[in-house]
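Chemist: missing the sequence, but the structure's below:
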Ligand code: BGC
């Protein structure tokens with residue numbers, strides 16, 4: 001019995017969370033983050049390939065477009081996907097390498113996807129089970145010929161997106177029944193038009209933001225309709241990045257009210273939540289009543305961010321009646337404090353005034369599922385499964401989504417490794433998966449129509465502006481030799497899938 005099997009050896013006890021029989025387990029990836037298409041960087045086919053040439057934009061300067069050479073390693077990666085035993089796999093088509101100009105679709109690239117799809121469906125190999133595909137049409141990256149004409153701000157981009165969708169349907173429509181039109185329109189807009197850290201690199205360009213929002217929505221609508229025209233039974237949704245937003249004062253009050261008697265939470269009681277979480281204007285020991293009253297102001301940034309980031313695009317898709325399921329990508333909680341100081345005093349605007357300041361979680365706050373005080377991944381993101389529960393169990397989510405099927409299309413843990421310590425014995429990732437599934441299990445018990453979970457990511461990959469250092473994968477990649485090595489979490493997840501259950505403790 002290997003150590004992972006041991007973890008599952010006493011399944012019948014009450015510490016086991018069973019998942020429904022048809023629950024779909026999967027992993028997710030995105031084209032630009034893994035493929036390493038030989039032409040993309042060399043010919044600057046995409047906005048991201050252009051972006052990589054601005055060394056100040058990608059840290060460390062480790063973006064040469066090779067990613068993890070998935071195209072070269074296709075057979076090996078397919079074998080690892082099959083061996084994992086998950087019933088589903090989410091990948092994205094690379095719009096930029098496929099659609100190289102108006103009416104110009106690149107045959108060789110399409111052939112790669114044909115091989116990928118046939119491999120997943122195990123068409124040539126009856127010893128393997130076919131894998132259900134969730135195909136994303138765009139995962140951030142735009143063809144540069146469209147980006148150069150204004151990207152999503154230009155209404156033509158949505159039309160070209162629809163042309164591209166129809167080409168994919170003609171070629172692969174028979175094999176793919178689940179489609180994710182757009183990955184995280186909110187992240188694309190926030191990083192591209194508000195903070196400017198991603199292409200097209202605009203800062204606080206709210207007009208551009210709104211135009212691009214409209215373009216993305218039209219693109220989604222056209223693609224949705226094309227897929228439904230191809231086959232009305234196919235399922236079409238989009239993936240929304242969702243944070244649990246909380247006001248600082250609410251977090252502080254909750255930390256104060258928590259029962260700290262259990263587990264690790266009990267040590268160091270003297271550092272109160274108020275001391276740890278509140279800034280200079282609040283005094284330690286300030287009455288709870290006063291704290292609650294003050295929380296109203298901190299709620300302003302939280303409410304605005306919740307609306308803009310979490311809810312708006314979902315509402316828009318529901319208004320136009322173009323959503324068969326929602327994909328939720330969840331990573332962390334963000335805590336805000338009201339601030340009247342615009343982030344850029346030289347260029348103040350109303351929204352920035354209301355945007356708030358990002359704060360750390362109160363040091364005493366105990367997560368309901370991990371039972372520990374705040375912990376962070378290598379990107380500084382708090383590990384907070386309780387936030388996943390609270391987003392999905394919120395009144396607003398229930399009101400919007402009702403009984404619509406939901407999939408977790410991304411959820412993952414990032415680690416930065418030191419040369420002498422490879423990210424292979426990744427117990428932190430095992431714990432991350434376990435605690436988030438615990439949160440999801442609770443949501444399902446309370447009625448959420450959750451149909452599946454896709455861990456992000458199958459394999460270490462290119463983490464956008466942060467380069468190659470953050471590793472999210474179940475499979476390790478050596479960045480010099482591109483050797484693949486499954487991590488402990490890969491075997492853990494594989495066993496979990498077999499058992500269709502999570503063993504706690
Ligand atoms: C994106 C992924 C990214 C992950 C981790 C998500 O927002 O869809 O492409 O790698 O977060 O940052």
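Modeler: The structure has been received and is ready for your questions. None of the values given here were measured: they were computed from a predicted structure. Numbering: from 1, shown residues only.
Chemist: can you tell me how far residue 123 sits from the ligand?
Modeler: 28 Å (CB to the nearest ligand atom, to the nearest Å). C-beta coordinates here come from the backbone N, C-alpha and C atoms, glycine included.
Chemist: Ramachandran angles for that residue?
Modeler: phi -70, psi -30 (degrees, to the nearest 10).
Chemist: State the number of residues packed around it.
Modeler: Counted with other CB atoms under 10 Å, the neighbours of residue 123 add up to 12.
Chemist: Just say helix, strand or coil for residue 141.
Modeler: Under DSSP: H, G, I helix; E, B strand; the rest coil, residue 141 falls in the coil class.
Chemist: Report pLDDT for it.
Modeler: What the model reports as pLDDT for residue 141 is 98.
Chemist: And for residue 43, nearest residue in space, chain neighbours not counted?
Modeler: residue 49 (7.8 Å; CB to CB, 6 or more residues apart in numbering).
Chemist: and that neighbour, helix, strand or coil?
Modeler: Taking three-state DSSP, the label given to residue 49 is helix.
Chemist: What about it, how many residues nearby?
Modeler: Residue 49 has 23 nearby residues by other CB under 10 Å.
Chemist: wait, isn't it in contact with residue 67?
Modeler: No - Residue 49 lies out of contact with residue 67 (CB atoms under 8 Å); the separation is 11.3 Å.
Chemist: Once you drop chain neighbours, what's closest to residue 309?
Modeler: residue 186 (5.0 Å).
Chemist: Also residue 161?
Modeler: residue 219 is the one closest to residue 161 (CB to CB, 6+ apart), at 4.2 Å.
Chemist: Let me know the secondary structure of that neighbour.
Modeler: helix.
Chemist: again with residue 215
Modeler: Assignment for residue 215 (three-state DSSP): helix.
Chemist: and it, how far is that from the ligand?
Modeler: For residue 215, the distance to the ligand (CB to the nearest ligand atom) stands at 19 Å.
Chemist: Tell me how many other residues crowd the nearest residue to residue 117 once chain neighbours are set aside.
Modeler: The shortest distance from residue 117 to any non-neighbouring residue, by CB to CB, 6+ apart, is to residue 175 (5.2 Å). Residue 175 has 15 neighbours, counted by other CB under 10 Å.
Chemist: a helix runs through residue 175, doesn't it?
Modeler: No - looking at residue 175 with three-state DSSP, it is coil, so not inside a helix.
Chemist: which residues does it contact?
Modeler: 117, 121, 133 (CB atoms under 8 Å, 6 or more residues apart in numbering).
Chemist: returning to that earlier point: ok, the residue nearest to residue 309 - contacts?
Modeler: So residue 186 contacts 240, 241, 308, 309, 310, 312, 313 (CB under 8 Å, 6+ apart).
Chemist: Would you mind giving me the confidence score for the residue nearest to residue 43?
Modeler: 96.
Chemist: What of residue 352?
Modeler: At residue 352, the pLDDT recorded in the model is 66.
Chemist: What ranges does the stretch 201-350 of the chain have for its helices?
Modeler: Secondary structure of the stretch 201-350 of the chain by DSSP state H, counting those that start in this stretch: the helices cover 206-230, 248-257, 273-277, 288-305, 312-319, 350-353.
Chemist: now for those helices, which one comes closest to residue 418?
Modeler: helix 273-277 (28.6 Å; CB to CB).
Chemist: just to revisit the earlier point, give me the subset of the contacts of residue 186 lying in strands.
Modeler: Counting by DSSP state E, the part of those found in strands is 240, 241.
Chemist: Out of the contacts of residue 186, which comes closest to the ligand?
Modeler: For the contacts of residue 186, the residue nearest the ligand by CB to the nearest ligand atom is residue 241; the value is 5.0 Å.
Chemist: The protein against the ligand: which residues are in contact?
Modeler: 30, 33, 183, 184, 187, 241, 329, 410, 456, 463 (CB under 6 Å from any ligand atom).
Chemist: Return the subset of these lying in strands.
Modeler: 183, 241, 329, 410, 456.
Chemist: List buried residues within these.
Modeler: Neighbour-count burial (16 or more other CB atoms under 10 Å) is assigned, among these, to 183, 241, 329, 410, 456.
Chemist: Reformat the contacts of residue 175 as JSON lines; add secondary structure and pLDDT.
Modeler: As requested, these are exported to JSON lines (DSSP: H, G, I helix; E, B strand; the rest coil; pLDDT from 0 to 100):
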{"residue": "117", "secondary structure": "helix", "pLDDT": "98"}
{"residue": "121", "secondary structure": "coil", "pLDDT": "98"}
{"residue": "133", "secondary structure": "strand", "pLDDT": "99"}
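Chemist: Out of the residues you listed, flag the one nearest to the ligand.
Modeler: Once CB to the nearest ligand atom is applied, the member of those that ends up nearest the ligand is residue 133, at 17.5 Å.
Chemist: correct me, but that closest one touches residue 118?
Modeler: No - contact criterion CB under 8 Å: residue 133 and residue 118 do not qualify, at 10.9 Å.
Chemist: Same drill for those two, tell me which one is more crowded.
Modeler: The neighbour count for residue 133 versus residue 118, taken as other CB under 10 Å, is higher for residue 133 (20 against 15).
Chemist: Apart from its chain neighbours, what residue comes closest to that one?
Modeler: Residue 133 sits nearest to residue 176 (CB to CB, 6+ apart), 4.9 Å away.
Chemist: mind listing what that neighbour touches?
Modeler: Shown in contact with residue 176 (CB under 8 Å, 6+ apart): 117, 133, 135.
Chemist: what's the weakest-modelled helix or strand in the protein?
Modeler: helix 273-277 (a mean of 34; mean pLDDT, DSSP states H and E).
Chemist: Verify the assumption that residue 137 is located in a helix.
Modeler: No - secondary structure of residue 137 (three-state DSSP): strand, not part of a helix.
Chemist: Excluding covalently adjacent residues, which one is nearest to it?
Modeler: Sequence neighbours aside, residue 181 is the residue nearest to residue 137 in space, at 5.2 Å (criterion: CB to CB, 6+ apart).
Chemist: In contact with the one you found, which residues are there?
Modeler: The contact partners of residue 181, by CB under 8 Å, 6+ apart, come to 136, 137, 138, 165, 219, 220, 223, 224, 236, 237, 238.
Chemist: And the residues you listed, which is closest to the ligand?
Modeler: Once CB to the nearest ligand atom is applied, the member of the contacts of residue 181 that ends up nearest the ligand is residue 136, at 9.0 Å.
Chemist: so what's the closest one scoring on pLDDT?
Modeler: 99.
Chemist: Count the residues that sit near it.
Modeler: Neighbour count for residue 136, taken as other CB under 10 Å: 24.
Chemist: Surely it and residue 29 touch.
Modeler: No - between residue 136 and residue 29 there is no contact under CB under 8 Å: 9.3 Å.
Chemist: which residues are in contact with both of these two?
Modeler: In contact with both residue 136 and residue 29: 90, 91, 92, using CB under 8 Å, 6+ apart.
Chemist: Flag the shaky bits of this protein, pLDDT-wise.
Modeler: Scanning the chain for pLDDT under 70 picks out 1-13, 60-63, 260-295, 340-353.
Chemist: host element of the residue lying closest to residue 318 once chain neighbours are set aside?
Modeler: Ranked by CB to CB, 6+ apart and with sequence neighbours excluded, the top spatial neighbour of residue 318 is residue 400, at 6.5 Å. Element membership for residue 400 (DSSP states H and E) is helix 395-401.
Chemist: Identify the residues contacting the residue nearest to residue 161.
Modeler: Counting by CB under 8 Å, 6+ apart, residue 219 has contacts 138, 152, 157, 158, 161, 162, 181, 182.
Chemist: So what pairs up with the first one in the strands?
Modeler: Listed beta-bridge partners, residue 138: residue 182 (assigned using DSSP bridges).
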